[in-house]
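Engineer: no sequence on this one, just coordinates:
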C-alpha cells in the first residue's frame, strides 16, 4: 500500500483542494456516505468545510461511458444539490455527489456509478444458486441477510429458487469459510456469536476493530483468532509504506503482543500493530500516518511531530502526564517547554483533523479596532464614535458612579483599571476588553471562535450557566447549532493561574463527583478547572469572579476572599443578614470588616448590560440596575430585590424579577 502521494490534489469530486492523509480514521465518507474505518483518505482543509472521502471515492472519474444500466449516453460527475431523488440503479436516495446523464436525467449515486453491482451472479460464493439484483427493499419487508443475519434495508441479492433468501451486496462475496491474508496459517469459518457464550477461553471480539459481533463472526478455532464481517470485507492494509511514519515499509502483525508504541510512547496490547524487523520499530495501527504539523485548541501556536523528544521532564499540555524523551511527541518551536503526547494531540476533541504541512501561516488581522491617534481608537462594534483611553477612572468625571457604569464587552463595572470611553454617548470598554481579538482558539471546540456583539439581546453561556449580554465568542465551522461563549469563560486559557490556588489549573470534563471548591456546587457546565497536583476543582463561574468590586452597601471596594474548608469563624452577610459559610468564597471589605455572599453582591443577572433583554414565556424582560435606595419587590417571590442587576417585566402588569429561579417559575 503505497502512501507516497502528493500532499495536495484538485479532484473533480470537491470544489476545494484536497489533502491526503495516511491515518487510520473512522469517519463517514462524504462521497459514498458509508461510515467505516478508512485506511488512507482525502480531506478538505477549508475553514468551514469538513469533508472527507475514501481514496477511491475522491479519485472517481469525471465521466463514465457505457455504464451497464445506461449504455446510451455518458454519465457526468455532478455536485450535490437540494433535490432528493432516488438512484435509478439501487433505488436509495442520493445524498451526495452522483453521476447523471445530461440528456435523459438518468441518475446514479457514486458507488453505483463507479462500482455497479452485477444484475445477475451465476456462481455466487455465498450460495449454490444464481442470484439476482433487487433494488431497495420496502421498509415493511425487511429481511435478514443469509450471511451476516443483519436486517437488509437497501438493495440486495435474492435467490429465485429459494424462498426468502437475501444477501447484502457486500456479503454476497463471503463464503462459510475464507482464507484471509491477515491470518494465512488457517482458514476462518463463519460461526454464530451465540455459540461462544459458554466458551470462556474463546476470543469473542474482532482482533482488529475490538468489537464483539452480535450475530456472526469468522473464527479460527486452532489459533483462537476472530474477525468481524466488516474487517473481513475491508481489512487493514498488510503493508504500509509511509515515509512520515517510518523510513521502511511496515508489516501488519496480527498476533496479540505487549509492546511500547514507538510513536505514542505508551504500552499497548493491540492486535493491529505494524512492525519493521530491520529497526526493531513497532507501532499501533492508530498511530500510522500521524500528521507532521497541526494546530490544537489548547495552544496558540502550531505544533510539530518529532520521532524522539530528546529531553526529559516534560509534561503533556493536554493530559498533564509525563512525556517520555525516547518516543514520539508534538512540540512547539516558539514555546520550547510545550509538549503534547501524540495520542493527546490527535484526539478529535483537541485537533480539527487537518494537517498544516506545506500550508503557510497567515498573519490574519484579528485586532478589533483601528488606531486613530494617541489613546484614540475606533472600535468595530462602536464605529460611529471615537473612543478615548483614560488611564485612571477618576478622569472621566465626578457625575458618574462606579456601580452604575458597565463595560459593554463583559458587563462588569468599570471602576478599576484603564477604560475606553466614548465622548458622545455612554459607551465604555475596559482596555483589556477593547483588545479582545476578533478570532480566538478556545478549548471548547476545535474550530476558531469569532467575536460578536449582542447589544440588546441576552444569550446563554452553557459553560458558566449564566445569561450574558455584551461581547461573545461564537464557533465558526460546520456546526448545526451555534453555542456562544461569554467573554469571561473565553478569557480562561491553560495553564490558568488564579489567586485562590497555589498551582496552575487545567480544563477537565465535569462529572457528578466533582464539586467546585469555591461554591461547593456540582456545576451544570460541561467543563471545570482542576489542579493536577492536588484535589482542587473550580467551576468556570467561580474562576471568573471579579477580584474587586464596588457595592452600594459599602463606600470602599470589596475584595473576593478565597475561603477554605479549614475556616471556622462565623460571619454575616451585610446584604441579606444571613449567616455566611466562611469555607466558601465570599466578598469582604478590609477597611470595614463586613462580609457578603457572592450571590448577594452579584446576583443572577450580573453579566447583563443595562436594557439587555431576555425573552421568556412570551414576555420581554429588560435588565435594570438596582441602585436606588428603595429596592422594589419581586413580583414572583414578593421579597425585596437585593441584587445589583434585576429584570423588569415588559407587560401590562410591569414589576421586577430578582433571580433566575423566579424568572423560571414565573414563566
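Structural biologist: Great, that's in hand. The structure presented is a predicted model; accordingly, all values stated were derived computationally and were not measured.
Engineer: Which parts of the protein belong to which domain?
Structural biologist: Domain ranges of the chain: 8-58, 120-167, 177-233, 239-287, 548-602, 613-666, per automatic domain parsing.
Engineer: for the stretch 551-667 of the chain, which spans come out with low pLDDT?
Structural biologist: Low-confidence segments of the stretch 551-667 of the chain, defined by pLDDT under 70: 564-569, 667.
Engineer: in the longest strand along the chain, what's buried?
Structural biologist: Secondary structure of the chain per DSSP state E: the longest strand is strand 449-461. For strand 449-461, burial by neighbour count (16 or more other C-beta atoms under 10 Å) applies to 449, 451, 453-454, 458-459, 461. The way it works is simple: take the backbone N, C-alpha and C, and place the C-beta from them, glycine included.
Engineer: Just after that strand, pick out the following helix or strand.
Structural biologist: Later in the chain than strand 449-461, the nearest helix or strand by DSSP states H and E is strand 466-475.
Engineer: Just checking: what are the partner strands of that following strand?
Structural biologist: Each strand paired with strand 466-475, and its direction, by DSSP bridges: strand 449-461 (antiparallel), strand 485-486 (antiparallel).
Engineer: Ok, which of the ones you listed comes nearest residue 508?
Structural biologist: strand 485-486 (17.2 Å; C-beta to C-beta).
Engineer: contacts for the lengthiest helix in the chain?
Structural biologist: Ranked by residue count, the top helix of the chain under DSSP state H comes out as helix 660-666. Helix 660-666 has contacts (C-beta atoms under 8 Å, 6 or more residues apart in numbering) with 467, 604-605, 614, 616-617, 621, 634-637, 647, 649, 657.
Engineer: Please check these and keep the buried ones.
Structural biologist: 467, 604-605, 614, 616, 621, 634-636, 647, 649, 657.
Engineer: Just the helices from the stretch 101-250 of the chain, written as ranges.
Structural biologist: 110-114, 229-233 (DSSP state H, counting those that start in this stretch).
Engineer: quick one, which of these is packed in tightest?
Structural biologist: helix 110-114 (a mean of 24; mean count of other C-beta atoms under 10 Å).
Engineer: now for that helix, which elements pack on it?
Structural biologist: helix 55-58, strand 98-100 (3 or more C-beta pairs under 8 Å, 6 or more residues apart in numbering; DSSP states H and E).
Engineer: Next, find the distance separating the residue of the chain most remote from its centre from residue 125.
Structural biologist: Distance from the C-alpha centroid of the chain peaks at residue 161, with 51.7 Å (C-alpha atoms, centre = their mean). For residue 161, the distance to residue 125 (C-beta to C-beta, to the nearest Å) stands at 17 Å.
Engineer: quick one: terminal-to-terminal distance for stretch 41-59?
Structural biologist: 10 Å (C-alpha to C-alpha, to the nearest Å).
Engineer: if we can go back for a sec, arrange the strands paired with strand 466-475 in JSON lines, one row each, with mean pLDDT and distance to residue 471 as further columns.
Structural biologist: Converted to JSON lines, these look like this (pLDDT from 0 to 100; distance: least, C-beta to C-beta, whole Å):
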{"stretch": "strand 449-461", "mean pLDDT": "89", "distance to residue 471": "6"}
{"stretch": "strand 485-486", "mean pLDDT": "93", "distance to residue 471": "8"}
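Engineer: Switch the ones you listed over to CSV; also include distance to residue 302.
Structural biologist: Output for the strands paired with strand 466-475, formatted as CSV (distance: least, C-beta to C-beta, whole Å):
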stretch, distance to residue 302
strand 449-461, 18
strand 485-486, 23
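Engineer: Switch the domains of the chain over to TSV; also include distance to residue 482.
Structural biologist: Shown next, in TSV, are these (distance: least, C-beta to C-beta, whole Å):
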stretch	distance to residue 482
domain 8-58	13
domain 120-167	33
domain 177-233	34
domain 239-287	32
domain 548-602	27
domain 613-666	17
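Engineer: Test my guess that residue 501 contacts residue 532.
Structural biologist: No - in terms of C-beta atoms under 8 Å, residue 501 does not count as a neighbour of residue 532; the distance is 11.6 Å.
Engineer: neighbour-wise, which of these two wins?
Structural biologist: More crowded of residue 501 and residue 532, by other C-beta atoms under 10 Å: residue 501, with 20 against 15.
Engineer: residues touching the more buried one, list them.
Structural biologist: 531, 536, 538, 562.
Engineer: again, only using 6 Å
Structural biologist: By C-beta atoms under 6 Å, 6 or more residues apart in numbering, the contact list for residue 501 reads residue 536.
Engineer: do you know how far it is from residue 598?
Structural biologist: In terms of C-beta to C-beta, residue 501 sits 17 Å off from residue 598.
Engineer: next one: residue 102
Structural biologist: On the measure of C-beta to C-beta, residue 102 and residue 598 end up 68 Å apart.
Engineer: Check residue 73 too.
Structural biologist: Applying C-beta to C-beta, the value for residue 73 to residue 598 is 73 Å.
Engineer: show me the contacts for residue 12.
Structural biologist: Contacts of residue 12 by C-beta under 6 Å, 6+ apart are 62, 77.
Engineer: Wait, a strand at it?
Structural biologist: No - applying DSSP: H, G, I helix; E, B strand; the rest coil, one finds residue 12 to be coil, outside a strand.
Engineer: So it versus residue 296, what's the distance?
Structural biologist: 32 Å.
Engineer: residues contacting the nearest residue to residue 341 once chain neighbours are set aside?
Structural biologist: For residue 341, ignoring the flanking residues on the chain, the nearest one in space by C-beta to C-beta, 6 or more residues apart in numbering is residue 316 at 4.7 Å. Contacts for residue 316 (C-beta under 6 Å, 6+ apart) come out as 323, 340-341, 344.
Engineer: Of those residues - the most surrounded one?
Structural biologist: Neighbour max across the contacts of residue 316 (other C-beta under 10 Å) = residue 340, 28 neighbours.
Engineer: dump the residue contacts of it.
Structural biologist: Residue 340 sits next to 316-318, 330 when contact means C-beta under 6 Å, 6+ apart.
Engineer: As a check, name the ranges of all strands in the stretch 301-450 of the chain.
Structural biologist: For the stretch 301-450 of the chain, the strands defined by DSSP state E, counting those that start in this stretch cover 303-306, 329-331, 339-341, 369-373, 376-379, 387-390, 419-422, 428-430, 439-440, 449-461.
Engineer: Reformat the ones you listed as CSV; add distance to residue 24.
Structural biologist: Converted to CSV, these look like this (distance: least, C-beta to C-beta, whole Å):
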stretch, distance to residue 24
strand 303-306, 16
strand 329-331, 18
strand 339-341, 18
strand 369-373, 46
strand 376-379, 47
strand 387-390, 53
strand 419-422, 51
strand 428-430, 48
strand 439-440, 32
strand 449-461, 30
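Engineer: Of all the ones you listed, which one is nearest residue 255?
Structural biologist: It is, among those and with distance given as C-beta to C-beta, strand 339-341, at 25.8 Å.
Engineer: What average pLDDT does the closest one get?
Structural biologist: Averaging pLDDT along strand 339-341 gives 93.
Engineer: how far does that strand sit from the chain's center?
Structural biologist: Taking C-alpha atoms, centre = their mean, to the nearest Å, the mean C-alpha location of strand 339-341 is offset from the chain mean by 19 Å.
Engineer: would you turn the helices and strands packed on helix 110-114 into a markdown table with distance to residue 445, mean neighbour count and mean pLDDT?
Structural biologist: Formatted as a markdown table, the helices and strands packed on helix 110-114 follow (distance: least, C-beta to C-beta, whole Å; neighbours: other C-beta atoms under 10 Å; pLDDT from 0 to 100):
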| stretch | distance to residue 445 | mean neighbour count | mean pLDDT |
| --- | --- | --- | --- |
| helix 55-58 | 26 | 20 | 90 |
| strand 98-100 | 32 | 23 | 93 |
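Engineer: can you list the weak-confidence ranges in this protein?
Structural biologist: In the chain, residues with pLDDT under 70: 1-8, 47, 137-141, 201, 270-271, 363-364, 393-404, 477-481, 564-569, 667.
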